[in-house]
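1. Need coordinates for the following:
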Amino acid sequence: MLEPPVSVEEFLAAREPELPENTRGVRAKPRASGIADCSRKQWYYMRDVNPTNEGNPDAGLTQEQGRMMEDVSIARLARTGKVLVLGRQVGTPPNYVVSGHPDGAHLSLTTNDGLQWGFEHKHYGRYEYERMLKLGLEQGNPEALSQILMYGDALGWDACFLVVVSQDASAVRGDMTINKRSKEESNVWVTGDMNPKVAFYTVDIREYKNSLIPMLKMRAEWLTKHRDDATPPRPEFRPYPVKGKNKQRDDKNGKIDFPCSYCPYRDRCVVDGPTGLEAPRLPFIKEIEEFEW
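-> The predicted structure is shown next:
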């Protein structure tokens, strides 16, 4: 049997260089894309703490796919003759409360409505894509909404056009088919306008000017102020599973809940314990009912 000229491990390790905005290093303020993450995770990230938990080895390849898919989506929008995405990867102003690079700083529309439109693109797996189909943007992905609102406030957007592309339309299509056949009408979430590959969302940023945007800015300012504290903030999620009264400190005997299951600092977080100052809480981050380590 002939051996492949390169191993799968070598292939996955051959990542393209990190984009400058994604390279590791000490950061003075949080990023827009992580403003809704656990405050402790952001504290570790801003201080450039070494990760203790490796991610999936194929994550880098998925990220590259996402960047390529963004180019495909923007080209397709242009070919409709209705939308041009301009100002790609323009950074937020240096004096703004978060850093970040939106996928499009400005949209040129043939049907100009007088609004300043921004653009954002996501390439999601089955779980995240279906969660948004089921619940909508505000409830299904408040993290993405928060990122968009920060960009909009920083760059003067009135609205944002969000394009979401599924990584696995085949699986989503199968789930949609099964769901439509459900005998319990209350369980059916599929509607006639849903597509298993692409979903469009629009955000009227003006609606959040006096609600979520001030809360996000307050949170960002707090994280910047406390970046140099000697101890990290109190975690906002539980980094180990709980089974009744028997608490397991790792995932060998139980499943760790999202988002801690994907956190690169989970083991470090457990060692640092449950104490610390509380960051301004966002309305969609639920208070942990009981917090013993």
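2. Point out where the stretch 101-250 of the chain drops to low pLDDT.
-> Scanning the stretch 101-250 of the chain for pLDDT under 70 picks out the ranges 242-250.
3. And the strands in it?
-> Secondary structure of the stretch 101-250 of the chain (DSSP state E, counting those that start in this stretch): strands located at 106-109, 117-124, 159-166, 198-204, 242-243, 246-247.
4. can I get these in CSV with distance to T275?
-> C-betas here are computed from N, CA, C, even on glycine. CSV is the format used below for the strands of the stretch 101-250 of the chain (distance: least, Cβ to Cβ, whole Å):
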stretch, distance to T275
strand 106-109, 45
strand 117-124, 34
strand 159-166, 37
strand 198-204, 36
strand 242-243, 18
strand 246-247, 16
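5. Of all these, which one is nearest A230?
-> Proximity to A230, assessed across the strands of the stretch 101-250 of the chain by Cβ to Cβ, is greatest for strand 246-247 (26.9 Å).
6. now the angle from the longest helix along the chain to strand 159-166?
-> Taking DSSP state H as the criterion, the chain has its longest helix at helix 59-79. Put simply, helix 59-79 runs at 120 degrees to strand 159-166, going by axes from the mean of the first three to the mean of the last three Cα atoms, to 10 degrees.
7. Offset the numbering so it begins at 11, please.
-> With 11 as the first residue, the last one maps to helix 69-89.
8. Show me the domain layout of this structure.
-> The chain breaks down into these domains under automatic domain parsing: 34-63+242-303, 69-225.
9. any chance of these in JSON lines, with mean neighbour count too?
-> As requested, the domains of the chain are exported to JSON lines (neighbours: other Cβ atoms under 10 Å):
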{"stretch": "domain 34-63+242-303", "mean neighbour count": "16"}
{"stretch": "domain 69-225", "mean neighbour count": "16"}
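10. Of all those, which one comes closest to P27?
-> Going by Cβ to Cβ, the one of the domains of the chain nearest P27 is domain 69-225, 11.0 Å.
11. Now stretch 199-215 - C-alpha only, PDB.
-> The C-alpha coordinates for stretch 199-215 follow below in PDB (Å, rounded to 0.1, in the frame of the first residue of the first chain):
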ATOM      1  CA  TRP A 199     -38.900  25.800  13.800                       C
ATOM      2  CA  VAL A 200     -38.500  25.600  10.100                       C
ATOM      3  CA  THR A 201     -40.300  28.300   8.000                       C
ATOM      4  CA  GLY A 202     -40.700  28.500   4.300                       C
ATOM      5  CA  ASP A 203     -38.100  31.200   3.700                       C
ATOM      6  CA  MET A 204     -35.200  29.300   5.500                       C
ATOM      7  CA  ASN A 205     -32.200  28.200   3.400                       C
ATOM      8  CA  PRO A 206     -29.800  25.500   4.700                       C
ATOM      9  CA  LYS A 207     -26.800  27.200   3.200                       C
ATOM     10  CA  VAL A 208     -27.200  31.000   3.500                       C
ATOM     11  CA  ALA A 209     -29.100  33.200   5.900                       C
ATOM     12  CA  PHE A 210     -29.300  37.000   5.800                       C
ATOM     13  CA  TYR A 211     -29.900  39.200   8.900                       C
ATOM     14  CA  THR A 212     -30.300  43.000   9.100                       C
ATOM     15  CA  VAL A 213     -29.600  44.900  12.300                       C
ATOM     16  CA  ASP A 214     -31.100  48.400  12.900                       C
ATOM     17  CA  ILE A 215     -28.300  49.700  15.100                       C
END
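12. what residues does it touch?
-> Defining contact as Cβ atoms under 8 Å, 6 or more residues apart in numbering, one finds that stretch 199-215 is touched by 139, 142-144, 146-147, 155, 158-159, 162-163, 167-176, 179-180, 182-183, 186, 189-190, 223.
13. can you rerun that using 6 Å?
-> Stretch 199-215 is touched from outside by 143-144, 147, 158, 162, 167, 169-172, 174-176, 179, 182-183, 186, 189-190, with contacts defined as Cβ atoms under 6 Å, 6 or more residues apart in numbering.
14. Over to stretch 113-125?
-> Contacts of stretch 113-125 (Cβ under 6 Å, 6+ apart): 92, 94-98, 100, 127, 129-131, 165, 168-169.
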